[in-house]
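In: Just a sequence and a predicted model for now, questions to come.
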Amino acid sequence: MCMTGFRRDAVDLSHLFPGQPHANYLAHREGIDAAIRRVLDSGWYILGQEVTAFEREFAEFLGAAHAVGVANGTDAIELALRALGVGAGDTVLTVSHTAVATVAAIERTGAEALLVDIAPESFTLDPARLEAAIRGSVGRRLKAVVVVHLYGHPADLPAIFATAKAHGLRVIEDCAQAHGAMLDGRKAGTWGDLAAFSFYPTKNLSALGDGGAVVTSAPALAARVSELRQYGWRERYISAAPGVNSRLDELQAAILRVKLRALSTENARRRELAQLYSTGLAATPLRLPRVRDNAEHVFHQYVVRTDRRDTLLQHLQGRGIPAAIHYPQPVHLQPAYAGRTAVGAGGLVETERACREILSLPMHPQLSDEAIARVVEAILQWTQS
Ligand SMILES: *Cc1c(COP(=O)(O)O)cnc(C)c1O
């Protein structure tokens, strides 16, 4: 890291903050090593028993009828949209305050993305703005809404559904940051027509490589995604529809089965760490994450807000604390999208404000209480400076 321009503090805390992918592997090493050995010895490496078993176990965990393993989370969103028949000439509504993958996946179908502002308290799609964007879109063929449960906090699903249904739109949940999150006693991923999950190594449920899943309780949609992920085959070597290659492999599925057993415990640990942050930082001027009534947050990220974000980031990084910004630029301002991406009525004021003020503090289930205490201490020092 470049330290030019400010004093290197004597204290370096980086040893307290191991990266999640390796720390999480070490936490489950025995089970993972055994699972890998089992797959290697099976002689079957693509779409076999491990994938089938993981699909069944993951669907059961969520309370959905079907999960279909695919190659990554971006593909999961694309295939979910394609299963609904979304393609060229269609428009799909989503947010700009998200991983760029959400918008990239929409465009991969041939559809256009229409970006809608967020509610500032939850960082998720604002239902009132969704309504305004739909009303302001006369002449567009609106097909679906991709709602993102950013940072592990469920979006306002009841209000979003009411609006989507009123206008005949389908709903896809982007659950890449929300494995296990709940609202009104129902898991994120069971509300929409379909849901997309990523198992990228930093996610709450993570592979040791790429992976993803599409979840749905509609058998016909599950069947369509299963075909699409493998060349559109209904029977081997015969494509019923044009498809792609987006398969989950046996090794990743076997690893995911091991980690799935620990997901609820690890999400609970994330909430415990979040509580340590929230208690320790309660008296500071930072705006802390809020949890919606009847929601269970899974704290993929613990995100605070301050209008002095950049100095806080420098202060923490100078102590070896890996704070980060998710995401520093909203999709509609990134070079690949700027000037050509449609924006909903009223613009993206809250999205742009959030990007200037957000900071993600270190968060994953293998962090110690001490690590969190040292982050809190460093922030308290900063607020007094
Ligand atoms: C990670 C992520 C994705 C994409 O997942 P990949 O597996 O990297 O393709 C999509 N949406 C959100 C919100 C994400 O965080």
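Out: Noted; the coordinates are in hand. Numbers count the residues shown, from 1 in each chain.

In: is stretch 79-97 up against the ligand anywhere?
Out: No. For stretch 79-97, no contact with the ligand is found by Cβ under 6 Å from any ligand atom; the gap never falls below 9.4 Å. (Each C-beta comes from the backbone N, C-alpha and C, glycine too.)

In: what pLDDT, on average, does that stretch get?
Out: On average, the pLDDT along stretch 79-97 is 98.

In: same thing with stretch 300-315?
Out: On average, stretch 300-315 scores 98.

In: In that stretch, which residues are buried?
Out: By 16 or more other Cβ atoms under 10 Å, the buried positions in stretch 300-315 come out as H300, Q301, Y302, V303, V304, R305, T306, R309, L312, L313, H315.

In: Quick one: distance of stretch 23-41 to the chain centre.
Out: Averaging C-alpha positions (Cα atoms, centre = their mean, to the nearest Å) puts stretch 23-41 24 Å from its chain's average.

In: ok so, going back, nearest to the ligand, of the buried residues of stretch 300-315?
Out: The ligand has its nearest neighbour among these in H300, at 7.6 Å by Cβ to the nearest ligand atom.

In: Can you flag which of the buried residues of stretch 300-315 belong to strands?
Out: Secondary structure from DSSP state E places Y302, V303, V304, R305 of the buried residues of stretch 300-315 in strands.

In: What are the structural domain limits within the protein?
Out: 26-260, 262-383 (automatic domain parsing).

In: Quick check: longest strand in the protein by residues?
Out: Using DSSP E to define each element, the chain has its longest strand at strand 141-148.

In: Pull the residues that contact that one.
Out: Residues external to strand 141-148 that are found in contact with it (Cβ atoms under 8 Å, 6 or more residues apart in numbering): 77, 81, 84-86, 89-95, 98, 102, 105-106, 111, 114, 124-125, 130, 134, 155, 157, 160, 164, 167, 169-174, 176-177, 192-193.

In: For the top helix by length along the chain, C-alpha coordinates in PDB please.
Out: Longest helix in the chain by number of residues, with DSSP state H as the criterion: helix 263-280. Taking Å, rounded to 0.1, in the frame of the first residue of the first chain, the C-alpha atoms of helix 263-280 are listed here in PDB:
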ATOM      1  CA  LEU A 263     -23.500 -21.100   7.100                       C
ATOM      2  CA  SER A 264     -26.100 -20.400   9.800                       C
ATOM      3  CA  THR A 265     -23.400 -20.400  12.500                       C
ATOM      4  CA  GLU A 266     -21.100 -18.200  10.500                       C
ATOM      5  CA  ASN A 267     -23.900 -15.700   9.700                       C
ATOM      6  CA  ALA A 268     -24.700 -15.600  13.500                       C
ATOM      7  CA  ARG A 269     -21.000 -14.900  14.100                       C
ATOM      8  CA  ARG A 270     -21.200 -12.000  11.600                       C
ATOM      9  CA  ARG A 271     -24.100 -10.600  13.500                       C
ATOM     10  CA  GLU A 272     -22.200 -10.900  16.700                       C
ATOM     11  CA  LEU A 273     -19.300  -8.900  15.300                       C
ATOM     12  CA  ALA A 274     -21.700  -6.400  13.800                       C
ATOM     13  CA  GLN A 275     -23.100  -5.900  17.300                       C
ATOM     14  CA  LEU A 276     -19.600  -5.300  18.700                       C
ATOM     15  CA  TYR A 277     -19.100  -2.600  16.100                       C
ATOM     16  CA  SER A 278     -22.500  -1.000  16.700                       C
ATOM     17  CA  THR A 279     -22.000  -0.900  20.500                       C
ATOM     18  CA  GLY A 280     -18.500   0.400  20.200                       C
END
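
In: what packs against that helix?
Out: Helix 263-280 sits against strand 302-305, helix 369-384, with contacts defined as 3 or more Cβ pairs under 8 Å, 6 or more residues apart in numbering; DSSP states H and E.

In: what is the rounded mean pLDDT of the last one?
Out: Helix 369-384 shows an average pLDDT of 97 in the prediction.

In: So which bits of it are buried?
Out: For helix 369-384, burial by neighbour count (16+ other Cβ under 10 Å) applies to A371, I372, R374, V375, V376, A378, I379, W382.

In: quick one: contacts for K187?
Out: F61, L62, G63, A64, G180, A181.

In: Correction: the previous question concerned V51.
Out: Contact analysis of V51 by Cβ under 8 Å, 6+ apart lists G69, R247, L248, D249, E250, A253.

In: Could you grab the helix/strand/coil label for the closest residue to the third one other than its chain neighbours?
Out: If I follow you right, that is L248. Spatial nearest neighbour of L248, excluding adjacent residues (Cβ to Cβ, 6 or more residues apart in numbering): G69 at 3.1 Å. With DSSP: H, G, I helix; E, B strand; the rest coil as the basis, G69 sits in strand.

In: Show me what G69 bridges to in the sheet.
Out: Applying DSSP bridges to G69 gives these bridge partners: A213.

In: Could you give me the buried positions within the longest helix of the chain?
Out: By 16+ other Cβ under 10 Å, the buried positions in helix 263-280 come out as L263, E266, N267, R269, R270, R271, L273, A274, L276, Y277, S278, G280.
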